[in-house]
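Student: fold the following for me, if possible:
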Amino acid sequence: MGSGAYVCGEETALIESLEGHRGEPRNRPPFPIDTGYLGRPTIVNNVETFAWVVAILAWGAEWFRSHGTNKSTGYKLFSVSGDCARPGVYEFPMGITVAELLRQVGGEGAKAVQVGGASGQCVPASRFDRTIAYEDIPTGGSIIVFGPQRDMLDVAENFLEFFVDESCGQCTPCREGVPKLLEGVRLLRNGKCSMAYLNQLCSLGETLQLASKCGLGQAAPNAFLSIVDHFRDEILGRT
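Tutor: Residues are numbered from 1 along each chain as shown. Below you'll find the predicted structure:
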């Protein structure tokens with residue numbers, strides 16, 4: 001049983017789990033396409049990808065490329081939640097702006113939008129003209145809307161608590177680094193985090209992005225770093 005481990009979204013950790021082992025990423029190479037499940041060539045894709053393969057075979061590549069952008073073609077499923085009037089699963093062309101997506105889901109007036117779920121980036125209202133596409137803001141499909149009443153420090157703490165729980169613990173940067181980021185958020189909440197220490201935490205987050213073994217650790221600091229970048233005035237100066 002994989003027990004819903006987030007790290008099993010990483011393809012080799014998923015294969016480890018399917019084989020009855022603890023869900024941990026493998027060293028690569030070899031890649032699953034050569035040596036995957038039970039040592040045999042394996043493709044690992046989500047259901048949405050396989051569904052689009054059928055549509056492309058039926059209607060042709062040119063039809064698919066006629067939607068979206070030059071570098072991000074076709075449509076994408078977006079799971080929208082949070083502070084909006086019409087949460088749900090939507091299908092939009094790649095390249096839609098954050099602002100247009102918010103209009104479609106009744107999320108006008110949002111303070112920020114988390115694009116890509118817990119491992120994505122937090123986009124402030126001043127940048128809602130950005131596009132959701134691989135050449136700008138990439139996403140697996142998760143969109144979380146934060147209304148003006150949300151405390152962005154609460155948001156950062158919630159995401160980091162999640163990653164502390166979900167880290168498989170295999171590599172040191174993720175295992176040790178994410179708890180330090182969470183500790184820093186709690187120092188910020190109590191007004192005990194200096195600017196110098198906050199800058200060190202940001203450097204630690206950048207190290208996690210570079211040195212973690214798999215995508216979980218590499219993406220764990222994303223929300224924290226983007227919230228510090230865009231909402232620094234809000235999260236500093238707590239008493």
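
Student: just checking: what are the partner strands of the strand ranked longest in the chain?
Tutor: If you go by DSSP state E, the chain has its longest strand at strand 75-82. Here strand 75-82 is paired, per DSSP bridges, with strand 88-93 (antiparallel), strand 142-146 (parallel).

Student: so which elements touch the following helix or strand past the last one?
Tutor: It refers to strand 142-146. For strand 142-146, the following helix or strand on the C-terminal side (DSSP states H and E) is helix 152-166. The contact analysis (3 or more Cβ pairs under 8 Å, 6 or more residues apart in numbering; DSSP states H and E) places helix 152-166 against strand 112-115, helix 172-189, helix 222-230, helix 232-235. (Each C-beta comes from the backbone N, C-alpha and C, glycine too.)

Student: just put those in JSON lines and tack on distance to R130, mean pLDDT and mean neighbour count.
Tutor: JSON lines is the format used below for the helices and strands packed on helix 152-166 (distance: least, Cβ to Cβ, whole Å; pLDDT from 0 to 100; neighbours: other Cβ atoms under 10 Å):
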{"stretch": "strand 112-115", "distance to R130": "9", "mean pLDDT": "98", "mean neighbour count": "26"}
{"stretch": "helix 172-189", "distance to R130": "25", "mean pLDDT": "96", "mean neighbour count": "19"}
{"stretch": "helix 222-230", "distance to R130": "12", "mean pLDDT": "96", "mean neighbour count": "22"}
{"stretch": "helix 232-235", "distance to R130": "19", "mean pLDDT": "92", "mean neighbour count": "14"}
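
Student: switch these over to TSV; also include distance to Y90.
Tutor: Output for those, formatted as TSV (distance: least, Cβ to Cβ, whole Å):
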stretch	distance to Y90
strand 112-115	14
helix 172-189	31
helix 222-230	22
helix 232-235	29
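
Student: list the contacts of the lowest-mean-pLDDT helix or strand in the chain.
Tutor: Across the helices and strands of the chain, mean confidence by mean pLDDT, DSSP states H and E is lowest for helix 232-235: a mean of 92. Residues outside helix 232-235 that contact it (Cβ atoms under 8 Å, 6 or more residues apart in numbering): 151-153, 156, 188, 227-228.

Student: with stretch 78-90 instead?
Tutor: Stretch 78-90 has contacts (Cβ under 8 Å, 6+ apart) with 77, 91-92, 101-102, 104-107, 110, 114, 132, 139, 141-147, 149-150.

Student: what's the first helix or strand after the helix or strand where A13 lies?
Tutor: In the assignment (DSSP H and E), A13 maps to helix 11-18. Along the chain past helix 11-18, the next helix or strand (assigned with DSSP H and E) turns out to be helix 47-59.

Student: from C202, how far off is L225?
Tutor: Distance, L225 to C202, by Cβ to Cβ, to the nearest Å: 6 Å.

Student: next: V178.
Tutor: 14 Å.
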